[in-house]
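A.B. asks: pasting the structure only:
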């Protein structure tokens, strides 16, 4: 840590352009003096009894703009995506009503009493599970993120998209999932020698299918039945979805209907026409399942305005499909110097991690960026290095460093470092 | 661990009457053979495109019975409580729509642009914070439970209440809270020598007030602005509430309007007429703030039916206002022998902890109970020992051991051990 003489707050800088040490718990000096404090005067809402109870509550009417934006293709209302407004949220858990959606032919309305999960193919005993039967199996609970492999794909464009942090990165959400370990069910079915893959199929009108390595299915894969405590939402696969922690969201098949154990991948539409990586030589790289280490600053970000020089908290999210985030560094001088952000406690594997760092903005134009490293030692590449790996137009699995420019007037824009 | 010879599954017992070791990951043997597997026949919902996107999602229509029950007093629609249906939920996070409610004169409809938090009294600089200003302060995020001190008060009755686990224990919820550490704001205001208490007042029509020890306010108290990622719900104090981790819920004042630093408690209505402990000598014990170590089995519980002999997962919640849960023991033979349950990972301080243990029920009448111990070494007392401390009628702060009887026909009832 470098101390700078003459700094009026006696503050301790951790890097250039005002980044303060993460252990400082500065008060912002933002309170108004309470000279005019009108405590004798009760506001209107203290003068009359408030409203009563409800069976299932909703957000405040004053928060009605906190929504998932979506824009389905004309004539295809159930195909496309909606995004979690990350820039309007805090902490790490995504409320169920705001979990991002990605549907390939809409949300089926499944009667849970008529739904079954079949396990068949290269197994000794083909099995079928009703929801009720599955509920009796031993369960486990974990906080895990799900991220669409197309998330942040806008960074593959030549010009930075001027949109919100949620607009760019909002195909990403994090929930506490509860369900049955898939290995328990596969053990019961008895996997035959030579089996290497499991083809998962959803009960939607697209019959969305993906091939999953058997190894992952025998590791930490879960048949998720609950999301943040309650039954999984229709948009997330009610009554059940496949959860493959750290793997691309598209593989976490919703409305899960069957798991066919095979010796080879099935070459489903979504693992051939989508979600592959187009390489410079003209070939497409397939079966890149891991959502690699990544981070995004959400405060400040595009659409927000800084209200003059002073102390701000820089805050954002970091995550890695490979395990725990070990470090997030932040720059306020366009990458010249970096300071380490404070990480939420505890840091959980394959979950969103909130990072924070106080920043004393001096009012001059500044470029902010974050760079995460995970416990395997992987660090986010620069955007340029990420783009250079691929053919033009490839936008899946973007995990490069993202940057925001703060102008002297306090507006924030997306820039490429 | 005691091995029993001749047990047909080769299982390992951890205690009497079928309690299995927590490390066993048994499949329940509940799947139907898939001989009749009709995979060629697609269900109706695969034959037509599903519904489209939504800005803010809701639970499945098939889950419409998962609600907070409430029964306000006649003519007082905003006074009373609603309860989290713990027996219908899983994991540890309570979805925001199902967080329990306890209101003293309804839910005020507060315009956040007109709301202020004042800090005054024995401070050097009285301060007032708008919501917008508070949002700029450094924040922190923690998963914490809130429990009403009247929760589980039914156990003080001479006869066990025949109601659900949520009906008995549902004045209890757990969320990821994000907000500003109160000590940061008190530092800025400058607490005067001699100050010992902080009186918190809500902006509801009851002006709900409680006295909080200054020591707690300078420890882990938080002005909570976000709940499970989104703005705090109206029922939970929108736009802000006081969060005192581990202390009784009534002190976590909602719609927080002011904090007055004082040298003595204010003797507010809710710390004199309510939430005190009536002792055998006729005196009432005041300022018992801590929600002590506690646990409840929610599966199986009253209202559920066991479907014949076989393997079941016993599952429930444990928590302690003093820190982390260190151990949960379960008995299936009415307290004669106990086995240790598996705890969720990670165990967080002052948060709900899910515990699980597999049980091979032989179909005979059985009495189940759970007993939690926290990291300070405190263990739940028996119900009888808890009751014996107090005068008749005192029901606050119940944390005794709870028990369920399973009858031969599989029905579950509440019993006192």
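C.D. replies: Now that the structure is in, tell me what you want to look at. Since the structure is predicted, the reported quantities are computational estimates derived from the model, not experimental observations.
A.B. asks: Now do the end-to-end distance for stretch A:268-281.
C.D. replies: Start-to-end span of stretch A:268-281 (C-alpha to C-alpha, to the nearest Å) is 23 Å.
A.B. asks: contacting residues around that stretch?
C.D. replies: Applying C-beta atoms under 8 Å, 6 or more residues apart in numbering or on different chains, the external contacts of stretch A:268-281 come out as A:104, A:149-150, A:199, A:208-211, A:248, A:250, A:265, A:284-288, A:389-391, A:393-394, A:396-397. (Glycine included, C-beta is placed from N, CA and C.)
A.B. asks: my read is residue A:154 is in a helix, agree?
C.D. replies: Yes: checked against DSSP: H, G, I helix; E, B strand; the rest coil, residue A:154 lies within a helix.
A.B. asks: if I look at the nearest residue to it once chain neighbours are set aside, how far off is residue A:145?
C.D. replies: Nearest residue to residue A:154 in three dimensions, chain neighbours excluded: residue A:161, at 4.2 Å (C-beta to C-beta, 6 or more residues apart in numbering or on different chains). Going from residue A:161 to residue A:145 by C-beta to C-beta, to the nearest Å gives 22 Å.
A.B. asks: Neighbour count: these two, which is higher?
C.D. replies: Neighbour count, other C-beta atoms under 10 Å in any protein chain shown: between residue A:161 and residue A:145, residue A:145 has more, with 24 against 14.
A.B. asks: what's the helix or strand for the more buried one?
C.D. replies: Using DSSP states H and E, residue A:145 falls within strand A:140-147.
A.B. asks: of all the residues in the stretch 201-350 of chain A, which ones are close to chain B?
C.D. replies: Neighbours of chain B within the stretch 201-350 of chain A, by C-beta under 8 Å from any C-beta of the partner chain: A:203-205, A:207, A:225-226, A:228-231, A:233-235, A:238-239, A:258, A:311-313, A:315, A:344-346, A:348.
A.B. asks: is the longest helix seen in chain A anywhere near chain B?
C.D. replies: In chain A, taking DSSP state H as the definition, the longest helix is helix A:182-189. Yes: applying C-beta under 8 Å from any C-beta, one finds helix A:182-189 in contact with chain B at A:183, A:184, A:185, A:187, A:188, A:189.
A.B. asks: That helix - contacts with which helices or strands?
C.D. replies: strand A:116-121, strand A:127-130, helix A:214-217, strand A:222-227, strand A:256-262 (3 or more C-beta pairs under 8 Å, 6 or more residues apart in numbering or on different chains; DSSP states H and E).
A.B. asks: can you state the direction angle for the helix or strand following that helix and strand A:116-121?
C.D. replies: Using DSSP H and E, the helix or strand that follows helix A:182-189 in sequence is strand A:197-202. Going by axes from the mean of the first three to the mean of the last three C-alpha atoms, to 10 degrees, strand A:197-202 is angled at 160 degrees with respect to strand A:116-121.
A.B. asks: Tell me which strands strand A:197-202 pairs with, and in which orientation.
C.D. replies: strand A:209-213 (antiparallel), strand A:256-262 (antiparallel) (DSSP bridges).
A.B. asks: and those strands as TSV, adding mean pLDDT and mean neighbour count?
C.D. replies: Formatted as TSV, the strands paired with strand A:197-202 follow (pLDDT from 0 to 100; neighbours: other C-beta atoms under 10 Å in any protein chain shown):
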stretch	mean pLDDT	mean neighbour count
strand A:209-213	98	22
strand A:256-262	97	23
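A.B. asks: Next, the contact list for the nearest residue to residue A:12 once chain neighbours are set aside, please.
C.D. replies: Of all residues not flanking residue A:12 in the chain, residue A:21 sits nearest, at 4.7 Å (C-beta to C-beta, 6+ apart). Contact analysis of residue A:21 by C-beta under 8 Å, 6+ apart lists A:1, A:12, A:13, A:14, A:339, A:358.
A.B. asks: so which pair among those residues is furthest apart in space?
C.D. replies: Across these, no pair lies farther apart than A:1 and A:358, at 13.3 Å, counting by C-beta to C-beta.
A.B. asks: So which of those two has more stuff around it?
C.D. replies: residue A:358 (26 against 10).
A.B. asks: Does residue A:43 touch residue B:203 like I think?
C.D. replies: Yes: between residue A:43 and residue B:203 there is a contact under C-beta atoms under 8 Å: 6.2 Å.
A.B. asks: overlap in contacts of those two?
C.D. replies: B:110, B:115.
A.B. asks: These two: which has the busier surroundings?
C.D. replies: Set residue A:43 next to residue B:203 and count neighbours by other C-beta under 10 Å: residue B:203 wins out with 25 against 16.
A.B. asks: which ones are touching the more buried one?
C.D. replies: A:42, A:43, A:45, A:46, B:108, B:110, B:115, B:255, B:256, B:257.
A.B. asks: ok, now how distant is it from residue B:256?
C.D. replies: Residue B:203 is 7 Å from residue B:256, by C-beta to C-beta.
A.B. asks: Please identify the residue of the stretch 201-350 of chain A positioned nearest to chain B.
C.D. replies: residue A:226 (4.0 Å; C-beta to the nearest C-beta).
A.B. asks: right, and that residue touches residue A:233 too?
C.D. replies: No: Residue A:226 is beyond contact range of residue A:233, at 10.2 Å (criterion: C-beta under 8 Å).
A.B. asks: Can you show me the strands along the stretch 251-400 of chain A?
C.D. replies: A:256-262, A:277-278, A:284-285, A:294-299, A:310-319, A:325-331, A:339-340, A:342-343, A:353-361, A:366-374 (DSSP state E, counting those that start in this stretch).
A.B. asks: Now render those as TSV, adding distance to residue B:170.
C.D. replies: Output for the strands of the stretch 251-400 of chain A, formatted as TSV (distance: least, C-beta to C-beta, whole Å):
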stretch	distance to residue B:170
strand A:256-262	31
strand A:277-278	49
strand A:284-285	51
strand A:294-299	34
strand A:310-319	32
strand A:325-331	35
strand A:339-340	42
strand A:342-343	34
strand A:353-361	29
strand A:366-374	39
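A.B. asks: and chain A, what are its domains?
C.D. replies: A:112-162+A:169-275, A:294-415 (automatic domain parsing).
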